[in-house]
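Colleague: Using only what follows, build the 3D model:
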Amino acid sequence: MFNHLFQKQLIDPAKSPVFYGYVILVIGTIGIYCSIPGQTIGVSVFTDPVKDALGLSRNQFSNAYMIGTIVSSLVIGRAGVWFDVYGARYVAFFAALTLGLTLFLCSWSASMSTYIKELLSVDTWVVPFVLMTILFFMLRFAGQGVLTMASRNVIMIWFDKNRGKVNSFSSVALSFGFSSSPLWINGLIEGYGWSQTWQFLAIGLLFFSILIFLFYKISPEKHGLLPDGVNHLNTQEQRKTTVPKQFTLEEAKKERAFWMYGLTLAFNSFFITGLTFHIVSIFNLQGFVKEDAIAIFLPGSVVAVTVSTLFNFLSDYLPLKLYLYLMLLGGILASLGFLLLSTPVGVPMLIAGFGTLGGFFAVLNAVAWPRFFGRTHLGSITGKIMSFLILASALAPSVFSFCLSTFGSYKMVGFLGLAFLLFLAIGSIKANNPQ
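Modeller: Numbers count the residues shown, from 1 in each chain. The predicted structure is shown next:
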């Protein structure tokens, strides 16, 4: 009863002067952007000052990050179930709240480490290592995992025929937002220090959690509305809307499309994370300087934004299987460019390939799942897919390093990538839309 009375005081989507889905689009996009402190791109800026403050080596700090990320990938599926049961509003609210509180704990990590050492009368790297592993688990689970998943899903739920078009807006905004985030985060660190910067980000997230509680709404139907803002459905449209089957996670896992699309998206997470993590070393081995290595990201981002903008818009009209094969083609280009890096065609192929991968990732990871499996169990399905992506990104730096230390170069990654992509290309021949 209390919840019912409290709900009446909140914003009513049915009374919005514009279709409330557009409000969801804006606030949901900001929600994904607010996950940056839990993303690799947001954590990496803190690596050097934090590891030095804690007395950890680069390998120890990286391993703590990897273990925390792997553990988060094993439990993120549960958050997808929470999304289906409790809705985007509560799941995203508690994710933002948890991420904000975790950032406060991260800002006190050096003091906490010192206190625990004194309490246990020990002086070992194990204490800050275990502490950061736990904090990284919380960061990755709440930020990269739950807040990202809930915010993306709530946007997709409010749209149907225009899902690709609205995802185009969201993808472009996030591409520019994510790519610029290391600059302003680094500026805050230089001006105020790493500890206070994490506190600034925490305060921002706690404030945004209030906005989530006010504005996130689980679906248009719950408020007497229809997806895309249509006023009513004619008889023909009603027939179309009753056709889609609402797959459970167990039913979705029996479909080939679930695995082929999921593994293709996971390859993107693996390759891009590994490339980004070791980019300077990869290019140095081929005779390039650091500036040449870093310079590939800007044109790659331009390719990714161009691809995602164009093909998000067209995804409302084209079959997604075409997108899957274009994404696989991007992966093949990236792998070949990786192998041919010392040749004149290597760098352009690598840029075109990973840009294409990233562009189609932004489309398929948002649009494919509600189109293939419906919206009712979208949380549990995307939660399982998210576990693939997080696990792949966690393993990538170590696999790249293993190839270098074992074979003396990174080229084995390129050969393994081509073999895996060939497997996906063959396996995807019958990966049709289950609907």
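Colleague: Give the buried residues for the helix or strand hosting Leu74.
Modeller: Under the criterion of DSSP states H and E, Leu74 resides in helix 58-86. Judged by neighbour count (16 or more other C-beta atoms under 10 Å), helix 58-86 contains these buried residues: 60-73, 76-77, 79-84. Just so you know, the C-beta spots here come from the backbone N, C-alpha and C atoms, and that holds for glycine as well.
Colleague: Could you name the helices and strands sitting against the helix or strand just after it?
Modeller: Next in sequence after helix 58-86, counting helices and strands by DSSP H and E, comes helix 88-107. Here helix 88-107 touches helix 58-86, helix 126-139, helix 148-157, helix 194-215, going by 3 or more C-beta pairs under 8 Å, 6 or more residues apart in numbering; DSSP states H and E.
Colleague: Using CSV, write down the CA coordinates of helix 88-107.
Modeller: Presented in CSV, the C-alpha positions along helix 88-107 are these (Å, rounded to 0.1, in the frame of the first residue of the first chain):
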residue,chain,number,x,y,z
ALA,A,88,14.7,-1.2,-14.5
ARG,A,89,14.0,1.4,-12.0
TYR,A,90,14.9,-0.5,-8.8
VAL,A,91,17.8,-2.5,-10.4
ALA,A,92,19.4,0.6,-11.9
PHE,A,93,18.8,2.7,-8.8
PHE,A,94,20.6,0.2,-6.5
ALA,A,95,23.4,-0.3,-9.1
ALA,A,96,24.1,3.4,-9.2
LEU,A,97,23.9,3.6,-5.4
THR,A,98,26.3,0.6,-5.1
LEU,A,99,28.7,2.1,-7.7
GLY,A,100,28.7,5.4,-5.9
LEU,A,101,29.4,3.9,-2.4
THR,A,102,32.1,1.7,-4.0
LEU,A,103,33.8,4.7,-5.4
PHE,A,104,33.9,6.2,-1.9
LEU,A,105,35.5,3.0,-0.6
CYS,A,106,38.0,3.1,-3.5
SER,A,107,38.9,6.7,-2.5
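Colleague: Can you pull the domain assignment for this protein?
Modeller: The chain breaks down by automatic domain parsing into domains covering 16-221, 245-428.
Colleague: Span of the first one from start to end?
Modeller: Across its full length, domain 16-221 reaches 15 Å between end residues, using C-alpha to C-alpha, to the nearest Å.
Colleague: got it, and the last one?
Modeller: Between the opening and closing residues of domain 245-428 there is a gap of 21 Å (C-alpha to C-alpha).
Colleague: Kindly report the same for stretch 244-264.
Modeller: 24 Å.
Colleague: Same check on stretch 290-298?
Modeller: Termini of stretch 290-298 sit 14 Å apart (C-alpha to C-alpha).
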